[in-house]
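1. need a structure here:
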Amino acid sequence: MTNLYSYYFQVLFIAIIITNHVIEIYLNRRQLRTLQIHQGEVPDAFKSSLSLPDHHKAIQYATAKLKLTQIHLVWEAILLLYWFPLRGAEKLILLIPEWGIHREVLFLVAFSAIQAVLAIPWSVYSTFVLEQRFGFNRTTPKLFIFDRLKGLVLGGLIAVPLLYGIIYLFQNVKMWWLLSFIGLTLFQFLLVWIYPTIIAPLFNKFHPLKEEALKSEIEKLVGHAGFKANGVFIMDASRRTSHGNAYFTGFGQNKRIVFFDTLLKDLAKNEVLAILAHELGHLKLKHIPKSLVTSLIISFFAFWLMGKLANENWFYTGHFIRIISPGVLILLFAQAIPLYSFWFTPVSSWISRKREFEADAYAAQETGPEDLISGLIKLYQQNANPVVVDKVYSTFYHSHPPAFERIKKLKSFKGKTGQGLS
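-> Here you go, the predicted structure:
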């Protein structure tokens with residue numbers, strides 16, 4: 001029976017690898033076709049606010065990224081087929097001598113290192129060819145290398161002790177999966193707490209917002225939402241890119257508001273406030289706690305499932321590895337199991353789009369829809385995001401509503417909102 005389960009899972013796993021990637025390529029091709037159809041003319045809804053050159057640049061940029069993604073999807077499928085059906089992962093762990101817990105950690109570190117090295121050419125091409133072609137890249141080769149080295153060291157300092165802890169619990173404690181879940185959750189909260197003041201400054205420089213008029217309006221907006229932030233900061237994003245963004249980071253008393261310097265360069269004060277109000281909307285409407293609870297439930301289920309499958313031979317052989325070990329178990333849950341959850345992508349995308357609409361409505365109430373509309377359109381231009389999308393592609397992937405739907409909804413608020421700060 002075990003052999004039969006293994007065979008069924010082997011067939012299912014290969015089918016999942018191929019099917020998932022074929023569907024992703026199909027969705028990309030749908031989006032490519034939509035972009036090509038609309039590249040010659042700005043949609044009517046945006047003709048007064050978006051120039052044809054900007055529209056054409058966004059179409060070309062999105063097309064180039066999609067074409068690269070299609071090639072990368074094929075590459076990903078080849079790697080998965082090598083690591084599992086062709087038993088590359090099994091061969092890797094057999095190369096490492098029996099060193100107890102050290103073997104398990106070394107196996108996972110070696111696998112991650114190989115994957116990181118194989119990803120470098122894609123990052124180099126994306127940064128120095130694709131982004132450079134469209135005028136977005138400002139990263140120097142030196143900065144690129146240092147970023148990768150710092151990321152590698154930081155990742156090792158975080159991941160290796162965690163792996164030792166989880167594998168030690170696996171080998172010595174009956175309810176290892178529950179303790180691992182609790183320990184990892186607490187550690188993630190710690191990372192979120194220290195990220196703004198310790199981790200983020202390793203990669204970027206942050207300085208307090210000095211423009212008093214804007215700072216005063218921001219503090220008023222944040223206070224009206226019922227929150228406190230430990231400062232408003234500007235990040236030197238322009239060292240690496242010309243893309244613009246803004247975000248909240250940290251939690252509790254360590255929460256910060258961060259603006260890309262590129263965003264402040266192109267947006268007017270009222271537009272910046274409207275974008276910030278949108279982000280505040282996520283906090284006010286408790287989207288972040290809801291997402292956190294969902295994440296914790298999924299994480300708990302994953303660790304529980306790991307506990308159930310930890311000693312099931314058919315599970316390992318069903319994924320083409322004939323070695324039962326905690327290192328292999330962690331690898332399977334990191335690399336193989338996400339393929340099965342691929343089909344839930346449209347659900348998570350729908351939830352995210354719904355929350356974006358809600359945050360837009362909050363921002364329209366607080367600052368008025370006109371400033372958010374003009375700010376969003378400037379962001380579309382600054383980031384070369386196309387305002388046309390294939391509906392099926394968007395339904396599957398997009399965490400934000402399509403531009404047309406988003407602007408149309410905001411226009412419906414005109415004359416009804418914008419009294420939040422009066």
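2. What's the mean pLDDT across stretch 139-153?
-> For stretch 139-153, the mean per-residue pLDDT is 94.
3. distance of residue 267 from residue 274?
-> For residue 267, the distance to residue 274 equals 9 Å [C-beta to C-beta, to the nearest Å]. For glycine as for every other residue, the C-beta is placed from the backbone atoms N, C-alpha and C.
4. And for residue 337?
-> For residue 337 relative to residue 274 (C-beta to C-beta), the value is 40 Å.
5. More neighbours: which of the two?
-> Between residue 337 and residue 274, counting by other C-beta atoms under 10 Å, residue 274 is the more crowded of the two (28 against 14).
6. before we move on, the earlier item: residues shared between the contacts of residue 267 and residue 274?
-> With contacts taken as C-beta atoms under 8 Å, 6 or more residues apart in numbering, the residues that reach both residue 267 and residue 274 are residue 375.
7. looking at the chain, which helix or strand is least sure?
-> strand 246-249 (a mean of 80; mean pLDDT, DSSP states H and E).
8. Can you name the residues in contact with that one?
-> With C-beta under 8 Å, 6+ apart, strand 246-249 has contacts from 195-196, 200, 229, 255-260, 263, 272, 275-276, 279, 282-283.
9. what helix or strand is residue 153 on?
-> Using DSSP states H and E, residue 153 falls within helix 141-172.
10. Would you mark the buried spots in that helix?
-> 144, 147, 163, 166-167, 169-170 (16 or more other C-beta atoms under 10 Å).
11. Kindly report the same for stretch 35-48.
-> 35, 38-39, 42, 46.
12. and it, how far apart are its ends?
-> 20 Å (C-alpha to C-alpha, to the nearest Å).
13. Show me how far that stretch is from its chain's centre.
-> Averaging C-alpha positions (C-alpha atoms, centre = their mean, to the nearest Å) puts stretch 35-48 28 Å from its chain's average.
14. what residues does that stretch touch?
-> Taking C-beta under 8 Å, 6+ apart as the rule, stretch 35-48 contacts 50-52, 55-56, 59-60, 62-63, 66, 377, 386-388, 403-404, 407-408.
15. Also stretch 126-138?
-> 57, 60-61, 64-65, 68, 139, 141, 144, 238-243, 384.
16. quick one: buried residues of it?
-> Neighbour-count burial for stretch 126-138 [16+ other C-beta under 10 Å]: 126-127, 130-131, 136-138.
17. what's around residue 357, how many residues?
-> Neighbours around residue 357, by other C-beta under 10 Å: 16.
18. which helices and strands sit right next to the helix or strand hosting it?
-> Secondary structure from DSSP H and E places residue 357 in helix 345-367. Applying 3 or more C-beta pairs under 8 Å, 6 or more residues apart in numbering; DSSP states H and E, we find helix 345-367 packed against helix 212-224, helix 269-284, helix 287-309, helix 369-383, helix 391-397, helix 403-411.
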